[in-house]
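**Student:** This is the structure alone, sequence omitted:
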């Protein structure tokens, strides 16, 4: 058993437990994107960063991959962590501004501006689909290829894979290519319309081009009556 | 490349996990690039998934999935080479060959690519042709480099190349000198052995210059033939325990005068050799 403190609260966990799991046990929220129960932790999105250590030796680590250590002091919501998280969300938004998952994260964490050039990629390279295919579907049909800015996900030689069973697991877990947000102001990209509990159709003139993801839409149902 | 050839390469690498890069390197050395069906064979025979093999093959710039030309010209565009005029060199090579970086000439004579760093920043701008480094290249020197590449960079200039030096060897069994004072190859007395292959045997003279591959044979030895070599004095076969790291053929050991041992590959055309002057290979 290993004892550590998270935000000042002592907790004892089994050896091999990650900080993320320990924080979840205590009820501290840590946002995640590339983490999914049942898949190996990968640490790609960096969204789950927490601060460990004290003073000058304090550093940010991804809580989904960092195993609990004896006497570790973890802060899940220090100023430094929140700043880093907001920056990560902003960068993710720059890559995939149309992902509803990332848009919602931006709203939840108060990211209100978008200073980076929007790339409109289809992929943030979180590796969820690759791990899903390998670990849960045991197919190994898709994988990473290339390196650096050419890194992408696909089947070998970009031809139809013989081992793919078309299960759709990769699409199911993807945070980027499912649920496209057609936000109202393309230049700003962060509207928060999806997550701020104002159904877009109520203020039609303001969110003219937005899609509504609520089905059935609460506001529409109320109006009918 | 047949499945059997791939199988023999895999055999040498124990089929073990972790040897994938070495396997791919060897295939690329023999084939020039990594063809699709070969990668599929490697995945099948090593029990890895094709996704993993393809991921490794596309990750490293050293691997090519497209056929390459006979000569590979790499121009460095790393930071140091870049500020010393690398882009100008790349442009000049591009212009003279008439191709863009990353492509082959139509006659498949040249492949031209730009690389990010060759680790020889003090020599920048660096151009590497078939493994030979050209330091501090100026645009005016590009024409000469391409001309040298066309003629074959493998040909060693004996007078000027410091890597070439003569060795004197003797038989590992009877310790009789193998040097033949009556002949001359590359300006030095050659090594004389008796060679046997395909029911033929005769005299073979090997250049005694370390790094030179000049030979004079009584009979024409077909390429890729693995030959047996014998001492012309005691008639014992010159054979050791080691196999060639390049092609897997048995190595032929000889004692170097002054201590140490040199081993050469017994396959015609293979340039595999080991020089051990420390003498540890003798024990």
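**Tutor:** Yep, that arrived. A quick note: this is a predicted structure, and the numbers were derived from the prediction, not measured.

**Student:** how long is stretch B:91-102 end to end?
**Tutor:** End-to-end distance for stretch B:91-102: 13 Å, by C-alpha to C-alpha, to the nearest Å.

**Student:** Indicate the residue of chain A located nearest to chain B.
**Tutor:** residue A:143 (3.3 Å; C-beta to the nearest C-beta). Yep, even glycine has a C-beta here, placed from its N, CA and C like the rest.

**Student:** wait, that residue sits on residue B:51?
**Tutor:** Yes - the pair residue A:143 / residue B:51 is scored as a contact, 3.3 Å apart, by C-beta atoms under 8 Å.

**Student:** list residues touching both of these two?
**Tutor:** residue A:156 (C-beta atoms under 8 Å, 6 or more residues apart in numbering or on different chains).

**Student:** can you list the domains in chain B?
**Tutor:** B:3-59, B:71-151, B:165-282 (automatic domain parsing).

**Student:** These into CSV, with extra columns for distance to residue A:177, mean pLDDT and mean neighbour count?
**Tutor:** Shown next, in CSV, are the domains of chain B (distance: least, C-beta to C-beta, whole Å; pLDDT from 0 to 100; neighbours: other C-beta atoms under 10 Å in any protein chain shown):
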stretch, distance to residue A:177, mean pLDDT, mean neighbour count
domain B:3-59, 19, 84, 16
domain B:71-151, 29, 89, 17
domain B:165-282, 47, 81, 16
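
**Student:** Give me every residue in chain A lying close to chain B.
**Tutor:** Contact residues, chain A versus chain B (C-beta under 8 Å from any C-beta of the partner chain): A:134, A:140-147, A:155-157, A:163.

**Student:** from those residues, which is closest to residue B:218?
**Tutor:** Taking C-beta to C-beta as the measure, residue B:218 lies nearest residue A:157 of those, at 49.6 Å.

**Student:** what about the closest one, distance to residue B:38?
**Tutor:** Remark: distance between residue A:157 and residue B:38 (C-beta to C-beta, to the nearest Å) = 12 Å.

**Student:** Show the average pLDDT along stretch A:54-73.
**Tutor:** Mean pLDDT, stretch A:54-73: 93.

**Student:** sorry, that was for stretch A:96-111
**Tutor:** Per-residue pLDDT over stretch A:96-111 has a mean of 82.

**Student:** From one end of it to the other, what's the distance?
**Tutor:** 15 Å.

**Student:** Please identify the buried residues of the longest helix seen in chain A?
**Tutor:** For chain A, the helix reaching the highest residue count under DSSP state H is reported as helix A:79-95. By neighbour count on 16 or more other C-beta atoms under 10 Å in any protein chain shown, the buried set for helix A:79-95 is A:81, A:84-86, A:88-90, A:92-95.

**Student:** With stretch A:21-30 instead?
**Tutor:** Neighbour counts over stretch A:21-30 (16+ other C-beta under 10 Å) mark A:21-23, A:28, A:30 as buried.

**Student:** can those residues go into a markdown table with extra columns for pLDDT and secondary structure?
**Tutor:** A markdown table is the format used below for the buried residues of stretch A:21-30 (pLDDT from 0 to 100; DSSP: H, G, I helix; E, B strand; the rest coil):
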| residue | pLDDT | secondary structure |
| --- | --- | --- |
| A:21 | 94 | helix |
| A:22 | 94 | helix |
| A:23 | 94 | helix |
| A:28 | 93 | coil |
| A:30 | 94 | coil |
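
**Student:** Which one of the residues you listed is nearest to residue B:21?
**Tutor:** Nearest to residue B:21 among the buried residues of stretch A:21-30, with distances taken as C-beta to C-beta, is residue A:21, at 34.8 Å.

**Student:** Quick one: residues contacting the closest one.
**Tutor:** Shown in contact with residue A:21 (C-beta under 8 Å, 6+ apart): residue A:13.

**Student:** for the residue of the stretch 1-150 of chain B found nearest chain A, what are its contacts?
**Tutor:** Residue nearest to chain A within the stretch 1-150 of chain B: residue B:51 (3.3 Å; C-beta to the nearest C-beta). Residues near residue B:51 by C-beta under 8 Å, 6+ apart: A:140-143, A:155-156.

**Student:** same thing with residue A:102?
**Tutor:** A:33, A:89, A:92-93, A:96, A:124, A:175-176.

**Student:** May I have the secondary structure class of it?
**Tutor:** Following DSSP: H, G, I helix; E, B strand; the rest coil, we place residue A:102 in the helix state.

**Student:** Figure out the helix or strand that residue A:163 lives in.
**Tutor:** Applying DSSP states H and E as the criterion places residue A:163 outside every helix and strand.

**Student:** and it, how many residues sit next to it?
**Tutor:** Residue A:163 has 16 neighbouring residues, counting by other C-beta atoms under 10 Å in any protein chain shown.
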